[in-house]
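Participant: I'd like to go over a predicted model; first the sequence, then the structure.
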Amino acid sequence: MAQFLSSLASLKSFIFPSSIFKTFSTSSHDSKRPITTMHYNKRVAHVVEGSTRKYDVSQWVAALQDPDHRPEWLKNLESCKVHCIKHYRGTGSTPHEFIAVQIKTQTDERYIKIDRYTGPRTPPSDSSLPSTNSLTDSSNQTSDFSRKVAGTGGQYDQVEVMDDPQLRVVCKQNKYEVVQEVILGPGMMDVVDCAALVDVITLSSRNYSLFRYMCWWYSAVFFRTVVTSEKLHKITKGPAFNDQGRLVYGRIRKRMVGDNCELILKPDDDYTTTVERLAEVVGVDTEEAKGIMKKDQERQKEGDMLTGMCHQGSGREQAALADA
């Protein structure tokens, strides 16, 4: 935790110096992906948009920068204040966790949804976005599940801009519940601070695994860092609070991320050792430990499928509204 707090102190000025910002034109979305139209009074590129937008973290951070030395661009970004941070967890067959950052301007409101997934994945195709290297080390790309479990399969961190109705659709269709949430005071944090924090967590924690740098840990670190750095004390616990960072498998409900974001298991790259450590910590035999890891892979695939279905559904709803 200390490394993130110390890094964050100077990160905003390092990543986002006032002389480095650039606006980008509205993207030409992939025609195969449904577009959810959202109303706005004043557009702020890549934050307050007229449609849902997806980026990998490196794309989003790069898209917010401007080498044209325009102070009004930085001013627009700093006007996007963080009002609330919500930590969600799935309650269905996919216990995924993510962060939703509520952004407010004087006239508009958006959510920045932040997810960590297993890698490698292909970043959203968008010609208006700056070209960036994949967050996944190509030397680690593999379809071998044992390498993914051991933590050498890479990761994909995604930022999605959406409005409140779209977030509600995501939570309803994927059965997400609130773990915890906190409201920030005026001027505590803006979208630039948010981008800086996401960037440093991503760069400091490559390679998702079942036990190391997973979505449970990523969400916990983001939430805890904000609470600690801003000295926030009034945290509202949600219905999923007691399940955060917890492996759920049949009768097993084992916490894998501690209260201070510490990882309970720290496996090496050896698959056999990983299985043995899981069996020891969770209290099962090695065969059942292998079953747990196989189930995790199935949940990841199902999570991808549910996310796709959610966006298809929201697209149909929007089309119906447009035709009405």
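Facilitator: Everything's here; your move.
Participant: average pLDDT across stretch 40-50?
Facilitator: The average pLDDT within stretch 40-50 is 87.
Participant: What residues of it count as buried?
Facilitator: 40, 44, 45, 46, 47, 48, 49 (16 or more other CB atoms under 10 Å). C-betas here are computed from N, CA, C, even on glycine.
Participant: quick one: the fifth one and residue 102 touch, right?
Facilitator: Which is residue 47. No: using CB atoms under 8 Å, residue 47 makes no contact with residue 102, being 12.0 Å away.
Participant: just to revisit the earlier point, a markdown table please, covering the buried residues of stretch 40-50 and showing distance to residue 226 and secondary structure.
Facilitator: Formatted as a markdown table, the buried residues of stretch 40-50 follow (distance: CB to CB, whole Å; DSSP: H, G, I helix; E, B strand; the rest coil):
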| residue | distance to residue 226 | secondary structure |
| --- | --- | --- |
| 40 | 25 | coil |
| 44 | 21 | strand |
| 45 | 24 | coil |
| 46 | 20 | coil |
| 47 | 18 | coil |
| 48 | 21 | strand |
| 49 | 23 | coil |
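Participant: In space, what's closest to residue 158 - neighbours in sequence excluded?
Facilitator: Excluding its sequence neighbours, the residue lying closest to residue 158 (CB to CB, 6 or more residues apart in numbering) is residue 115, at 4.8 Å.
Participant: ok, which pair from the buried residues of stretch 40-50 is furthest apart?
Facilitator: Within the buried residues of stretch 40-50, 40 and 46 form the most distant pair, 12.7 Å apart (CB to CB).
Participant: For residue 70, grab the count of nearby residues.
Facilitator: Neighbour count for residue 70, taken as other CB atoms under 10 Å: 15.
Participant: nope, residue 281 is what I meant
Facilitator: Under the neighbour criterion other CB under 10 Å, residue 281 is assigned a count of 16.
Participant: Where does it sit, in terms of helix or strand?
Facilitator: Using DSSP states H and E, residue 281 maps to helix 271-282.
Participant: again with residue 166
Facilitator: Using DSSP H and E, residue 166 falls within helix 164-173.
Participant: returning to that earlier point: which neighbours do residue 47 and residue 102 share?
Facilitator: Residues touching both residue 47 and residue 102 by CB atoms under 8 Å, 6 or more residues apart in numbering: residue 110.
Participant: Of the buried residues of stretch 40-50, which is the nearest to residue 222?
Facilitator: Residue 222 lies nearest to residue 47 out of those, by CB to CB, at 17.3 Å.
Participant: Okay, and the beta partners of residue 155?
Facilitator: Note on residue 155: beta-bridge partners residue 118, judged by DSSP bridges.
Participant: How about residue 56: which residues does it bridge to?
Facilitator: residue 158.
Participant: gap between it and residue 105?
Facilitator: Residue 56 sits 24 Å away from residue 105, taking CB to CB, to the nearest Å as the criterion.
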